[in-house]
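Asks: My questions concern the predicted model and sequence given below.
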Amino acid sequence: MTSRRPVLAGNWKMNGNLQLAQELVAKFSSELDSDAVEVVLCPPAVFLANVKQLLEQNAAALAGTRIGVGGQNASALDGGAHTGEIAASMLASVGCDYVILGHSERRAMYGDTTVSVAEKFAKAIANGLIPILCVGESESERQQGNTFDVIAADLEKVVETNGKRAFDNAIIAYEPLWAIGTGNSATPEQAQEVHAFIRAHLAKISDSDANAVRILYGGSVTPDNAVELFAQADVDGGLIGGASLDADKFINLCQMAVSAK
Ligand SMILES: O=C[C@H](O)COP(=O)(O)O
């Protein structure tokens, strides 16, 4: 059985400020003394360099932990006349190690598609970033029994675009659309069922070690439901929205991810 280090990624979305960054770094400096969990802070792009600088300024106090910075999106292009876009190379240049790709909010409101997300994935890995690939179904897709098909299509397009080793250094986040921001998390059993499918499908379509790929759950994770979710065999941590904006809740979730395994 491959042991997988859990990941707790905090997706601030279009929220937060430098004060939150300072609060999080101070709390991690004083209360997290384990490298058994990989923590990823994903603030809005304007704060990425500041958050990275804060982590570097507190490196001594953060020694023995694993905390990195990630973008919330990246362009499928390298650069040019694309107002408002951010290239993967730019994220890497300010110290990002990760980038969230294909979040359902970007698919719903900003034109991300299965094809464009696979192309963004290519730019991320070409620039040394670890993609956090978001997949998940809508309520109607689940009700129609299409959950696995929807997720399989995204995984297969990434492999088709990036090759059979695409997931060697990537993270997947299963985020059922009906659970995001609703307070209505998937049950541990629902999460485990989909995570197990994702892992099995990866083994079928790619040459990456499917047992080594971290698969995070996202969608209304809080300290009240995290223990059971993180205890599931194929749940390797979480992609956290709302609760990542509260330093106490977020570090609590990190500690739960450590103790759950
Ligand atoms: O990226 C995070 C997910 O969208 C979950 O957000 P949430 O924890 O606020 O439901």
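Replies: Alright, I've got the coordinates.

Asks: Tell me which residue of the chain lies closest to the ligand.
Replies: Using Cβ to the nearest ligand atom, the closest approach of the chain to the ligand is made by Gly241 at 2.3 Å. Backbone N, C-alpha and C define where each C-beta goes, glycine included.

Asks: wait, what's in contact with the nearest residue to that residue once chain neighbours are set aside?
Replies: Counting by Cβ to Cβ, 6 or more residues apart in numbering, Asn11 is the residue found nearest to Gly241 once chain neighbours are left out, at 5.3 Å. By Cβ atoms under 8 Å, 6 or more residues apart in numbering, the contact set of Asn11 is Cys42, Gln72, Ile100, His103, Gly218, Leu239, Ile240, Gly241, Ser244.

Asks: how about these in JSON lines, adding neighbour count?
Replies: Conversion of those to JSON lines gives the following (neighbours: other Cβ atoms under 10 Å):
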{"residue": "Cys42", "neighbour count": "30"}
{"residue": "Gln72", "neighbour count": "22"}
{"residue": "Ile100", "neighbour count": "25"}
{"residue": "His103", "neighbour count": "27"}
{"residue": "Gly218", "neighbour count": "27"}
{"residue": "Leu239", "neighbour count": "27"}
{"residue": "Ile240", "neighbour count": "28"}
{"residue": "Gly241", "neighbour count": "23"}
{"residue": "Ser244", "neighbour count": "27"}
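
Asks: quick one: low-confidence parts of the stretch 1-150 of the chain?
Replies: For the stretch 1-150 of the chain, applying pLDDT under 70 flags the ranges 1-2.

Asks: Residues of this protein that sit close to the ligand?
Replies: By the rule Cβ under 6 Å from any ligand atom, the part of the chain lying against the ligand is 11, 103, 175, 180-181, 218-221, 239-243.

Asks: Give me the phi and psi for the residue nearest to Gly241.
Replies: Per-residue torsions, Asn11: phi -100, psi 100 (degrees, to the nearest 10).

Asks: How much space separates it from Ser29?
Replies: 22 Å (Cβ to Cβ, to the nearest Å).

Asks: got it, and Ala247?
Replies: Taking Cβ to Cβ, one finds Ala247 at 11 Å from Ser29.

Asks: Over to Glu141?
Replies: Going from Glu141 to Ser29 by Cβ to Cβ gives 42 Å.

Asks: Go ahead and name everything in contact with stretch 99-109.
Replies: Contacts for stretch 99-109 (Cβ under 8 Å, 6+ apart): 9, 11, 13, 42, 70-74, 88, 91, 112-113, 117, 120-121, 124, 129-136, 154, 173, 175, 177, 180, 239.

Asks: among those, which are in strands?
Replies: Among the contacts of stretch 99-109, DSSP state E puts 9, 11, 42, 70-71, 130-135, 173, 239 in strands.

Asks: possible to save those residues as TSV with distance to Ser3?
Replies: TSV is the format used below for the ones in strands among the contacts of stretch 99-109 (distance: Cβ to Cβ, whole Å):
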residue	distance to Ser3
Ala9	19
Asn11	25
Cys42	25
Gly70	23
Gly71	28
Ile130	18
Pro131	22
Ile132	20
Leu133	22
Cys134	24
Val135	23
Ala173	20
Leu239	20
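
Asks: between those, which is nearest Val213?
Replies: Val213 has its nearest neighbour among the ones in strands among the contacts of stretch 99-109 in Leu133, at 9.9 Å by Cβ to Cβ.

Asks: before we move on, the earlier item: hmm, which of the contacts of stretch 99-109 are the buried ones?
Replies: The neighbour count (16 or more other Cβ atoms under 10 Å) marks 9, 11, 13, 42, 70-74, 88, 91, 112, 117, 120-121, 124, 129-136, 154, 173, 175, 177, 180, 239 as buried among those.

Asks: Perfect, that will be all.
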